[in-house]
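*Asks:* generate a structure from the sequence data that follows.
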Amino acid sequence: MLEPISVSIASLNLATLAPMLILISGGLIILCIDLIAKNLSKQLYVVLSILFLLLDLGAVLGYQGAVRGFFDVMLVDGISILSQAIILFASMLFIPLALTSKRFHEYTFPEYFALFLFMISGFQFMVSSDNLILIFIGLELGSLALYTLIAMHNRDRSFEAAIKYFTMGAMAAGFFVMGALILYALTGTVEIAKMIPVLEARNYDPIVAVLAAVSFLIAALGFKLSQVPFHTWTPDVYEGSSAALAGYMSVVPKIAGFVVAIRIFEFLIHANIVWVQYVLYTIVVITMTLSNIMALVQQDVKRMLAYSSISHAGFVMAAIVIGTTQANSALFLYWVLFLFTNLGAFAMLWVSRHKSKIWHDRFDHPYTKFSGMISIMPFGAVVMGLFMMSLAGVPPFSLFWGKLYLMGAAVNAGFIWLAIIMAINSAISIYYYLKLVVYMFLHDPIENEGTIYVKNASTALKTIIGFSTVVTIFAFLLINPLLEIITAYVKASGF
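*Replies:* Down below sits the predicted model:
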């Protein structure tokens, strides 16, 4: 007769689950409050959301326990803590945007805030495990909540965007499951760290099966990270989403995807599966180049920023190809700086958005809408111009330092041609960023009944844009302290 297996609570190390449980509990509490008392002010839900995010951040940064937990499926290493901190900080920047005009009715629903917290917990699960099953659960939890948040914007284009994102996300989920299934069949484990020794012992035989598994995973993460040719959903989904949510989507889901890509692909590259590096190298180059070319011909600023975010994702994906500690540190540094600049740029679009007074039948934010903005809204034009300069990598603004450090990592690792291609693409991007600056500063204002520049300029929105502007301008003061912190966490994870 088999003896029962006893598991002590201490051995489970439940503290590794605490950050996610805080947010899941927060979402449930918000739903329960709504059941008890209807029609409460959305300010309450904003404050509660920020409170739970702060508690979560405290649990993440204050964690002092073992790296592994909960039957070893949780992995709380340096990269996990670093990426969770970025996710939570970005979320705390985003959620006050709910305190904008009442016309954006999705913010009046408590379900919006509950889904938002559930979504973040899913991303936290993704970055806090090397178990493919738990990564998949986190991926789906975050994605399903995000689909709903997009649809709640209550526009025909928003419903279309949510359906497109759901369809492409379902395909990506299928690819991820197929890749994980093949790797499990080959190795007998779903933990990434345990797969590599088994594959090495078998000399990666059968090579066809390994090739198929990795190809499925590249496709799955390619969808989530908007890598060419898996990027086609991105411009339409960003265009259909609210400008603020589009900016959030360009940052937070991608950092979760980058961490999963680091855990999977850098293991394979360091295990001398050379073709994986070649495939990723090709995808990175095509992603940066093609998205830049597509951005050149866009007539809408939001679609231009969508293609711009694809280019930046390809730029950062180069760090995974390089695979050194400096490159991984550069990845996180770049994305922290990108967080402020890109969220600020999308928030500036949110200032001028109105549901009934539409400038153009096809586009919400055509370039012509910003003609002569310096005459109508001088401060806004200057701030938007600063964000464009930063995204283009013009010194001394924030993303210049991120690009410089990442290209330096490429040169130091011997990827000279990759660094040259990155520099060329940065030069190309200057054109379409400056195109908006030219419209704002050098064109005359155009009279149109849809001309609205400051309709949604609430105090919360002004504060967040101001904070993003300060970081964008004075980032050079933060580079060395940020690098020291980031490098310490990356080295602690062994990457």
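*Asks:* in the stretch 301-450 of the chain, where is pLDDT below threshold?
*Replies:* 352-364, 447-450 (pLDDT under 70).
*Asks:* pLDDT wise, what is residue 180 at?
*Replies:* Residue 180 is assigned a pLDDT of 92 by the prediction.
*Asks:* residue 398 is in contact with residue 475, correct?
*Replies:* Yes. Taking CB atoms under 8 Å as the contact criterion, residue 475 and residue 398 are neighbours in contact, 3.5 Å apart. Where you see a C-beta, it was placed from the backbone N, CA and C, and this is true even at glycine.
*Asks:* of those two, give the one with the bigger neighbour count.
*Replies:* The neighbour count for residue 475 versus residue 398, taken as other CB atoms under 10 Å, is higher for residue 398 (30 against 23).
*Asks:* and residue 474, how many neighbours does it have?
*Replies:* Using other CB under 10 Å, the number of residues around residue 474 comes to 12.
*Asks:* what about the helices in the stretch 201-350 of the chain?
*Replies:* Along the stretch 201-350 of the chain, the stretches classed as helices by DSSP state H, counting those that start in this stretch are 207-224, 233-240, 243-249, 252-261, 267-270, 274-296, 301-322, 325-351.
*Asks:* and the helix or strand following the last one, what does it pack against?
*Replies:* Right, the one you point to is helix 325-351. For helix 325-351, the following helix or strand on the C-terminal side (DSSP states H and E) is helix 373-376. Applying 3 or more CB pairs under 8 Å, 6 or more residues apart in numbering; DSSP states H and E, one finds that helix 373-376 makes contact with helix 378-392, helix 416-442.
*Asks:* and after the shortest one, which helix or strand comes next?
*Replies:* Translated: helix 378-392. Later in the chain than helix 378-392, the nearest helix or strand by DSSP H and E is helix 398-412.
*Asks:* how close does residue 241 sit to residue 160?
*Replies:* Applying CB to CB, to the nearest Å, the value for residue 241 to residue 160 is 11 Å.
*Asks:* same drill for those two, tell me which one is more crowded.
*Replies:* Between residue 241 and residue 160, residue 241 has the larger neighbour count (other CB under 10 Å), namely 27 against 16.
*Asks:* give me the nearest residue to the more buried one, chain neighbours excluded.
*Replies:* residue 150 (5.0 Å; CB to CB, 6 or more residues apart in numbering).
*Asks:* what about the one you found, helix or strand, and which?
*Replies:* For residue 150, the element it lies in under DSSP H and E is helix 132-151.
*Asks:* what is the mean pLDDT for that helix?
*Replies:* Helix 132-151 shows a mean pLDDT of 90 in the predicted model.
*Asks:* quick one: the following helix or strand past that helix to chain centroid distance?
*Replies:* Heading C-terminal from helix 132-151, the first helix or strand you meet, by DSSP H and E, is helix 156-187. Relative to the mean C-alpha coordinate of its chain, helix 156-187 is positioned 17 Å out (CA atoms, centre = their mean, to the nearest Å).
*Asks:* quick check: the residue nearest to residue 241 vs residue 460, distance?
*Replies:* Noted for residue 150: a distance of 21 Å to residue 460, by CB to CB.
*Asks:* how about residue 429?
*Replies:* Using CB to CB, residue 429 is found at 30 Å from residue 460.
*Asks:* ok, now residue 285?
*Replies:* As judged by CB to CB, residue 285 and residue 460 stand 40 Å apart.
*Asks:* so between these two, which is more surrounded?
*Replies:* A side-by-side neighbour count of residue 285 and residue 460, using other CB under 10 Å, places residue 285 first with 19 against 16.
*Asks:* for the closest residue to that one other than its chain neighbours, give me its contacts.
*Replies:* Counting by CB to CB, 6+ apart, residue 285 lies nearest to residue 421, which is 5.6 Å off, once chain neighbours are set aside. Residue 421 is in contact with 285, 288, 289, counting by CB atoms under 8 Å, 6 or more residues apart in numbering.
*Asks:* ok, so of these, who is nearest residue 469?
*Replies:* Nearest to residue 469 among the contacts of residue 421, counting by CB to CB, is residue 288 at 26.5 Å.
*Asks:* ok, the closest one to residue 332 distance?
*Replies:* 19 Å.
*Asks:* equivalent analysis for residue 246, please.
*Replies:* To residue 332, residue 246 is 22 Å away according to CB to CB.
*Asks:* check residue 383 too.
*Replies:* As for residue 383, its distance to residue 332 is 26 Å (criterion: CB to CB).
*Asks:* which one's more surrounded, those two?
*Replies:* residue 332 (28 against 22).
*Asks:* so the more buried one sits against residue 487, correct?
*Replies:* No. With contacts defined as CB under 8 Å, residue 332 does not count as touching residue 487, sitting 9.1 Å away.
*Asks:* who touches both of these two?
*Replies:* By CB under 8 Å, 6+ apart, no residue touches both residue 332 and residue 487.
*Asks:* ramachandran angles for residue 229?
*Replies:* Backbone torsions for residue 229, taken as degrees, to the nearest 10, come to phi -100, psi 20.
*Asks:* ok, now which ones touch it?
*Replies:* Taking CB under 8 Å, 6+ apart as the criterion, residue 229 is in contact with 222, 286.
*Asks:* list the residues that contact the closest residue in space to residue 412 that isn't next to it in sequence.
*Replies:* Nearest non-adjacent residue to residue 412, counting by CB to CB, 6+ apart: residue 326, 6.2 Å away. Residues in contact with residue 326 (CB under 8 Å, 6+ apart) are 405, 408, 409, 412, 413.
*Asks:* only the buried subset of the residues you listed, as a ChimeraX command please.
*Replies:* Buried residues within the contacts of residue 326, by 16 or more other CB atoms under 10 Å, are selected in ChimeraX with:
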select :405,409,413
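*Asks:* save the contacts of residue 326 as JSON lines, and put in distance to residue 233 too.
*Replies:* Conversion of the contacts of residue 326 to JSON lines gives the following (distance: CB to CB, whole Å):
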{"residue": "405", "distance to residue 233": "30"}
{"residue": "408", "distance to residue 233": "33"}
{"residue": "409", "distance to residue 233": "30"}
{"residue": "412", "distance to residue 233": "35"}
{"residue": "413", "distance to residue 233": "32"}
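*Asks:* which of the contacts of residue 326 sits closest to residue 387?
*Replies:* The shortest distance between residue 387 and any of the contacts of residue 326, using CB to CB, involves residue 405 and amounts to 20.0 Å.
*Asks:* thinking again about what came up before, now the angle between helix 207-224 and the helix holding residue 150, please.
*Replies:* Comparing the axes of helix 132-151 and helix 207-224 via axes from the mean of the first three to the mean of the last three CA atoms, to 10 degrees yields an angle of 30 degrees.
*Asks:* mind checking how far the closest residue to residue 308 other than its chain neighbours is from residue 464?
*Replies:* Using CB to CB, 6+ apart and skipping the chain neighbours, the partner closest in space to residue 308 is residue 295 (5.6 Å). When CB to CB is applied, the distance between residue 295 and residue 464 equals 25 Å.
*Asks:* same check on residue 327?
*Replies:* In this structure, residue 327 lies at 30 Å from residue 464, with CB to CB as the measure.
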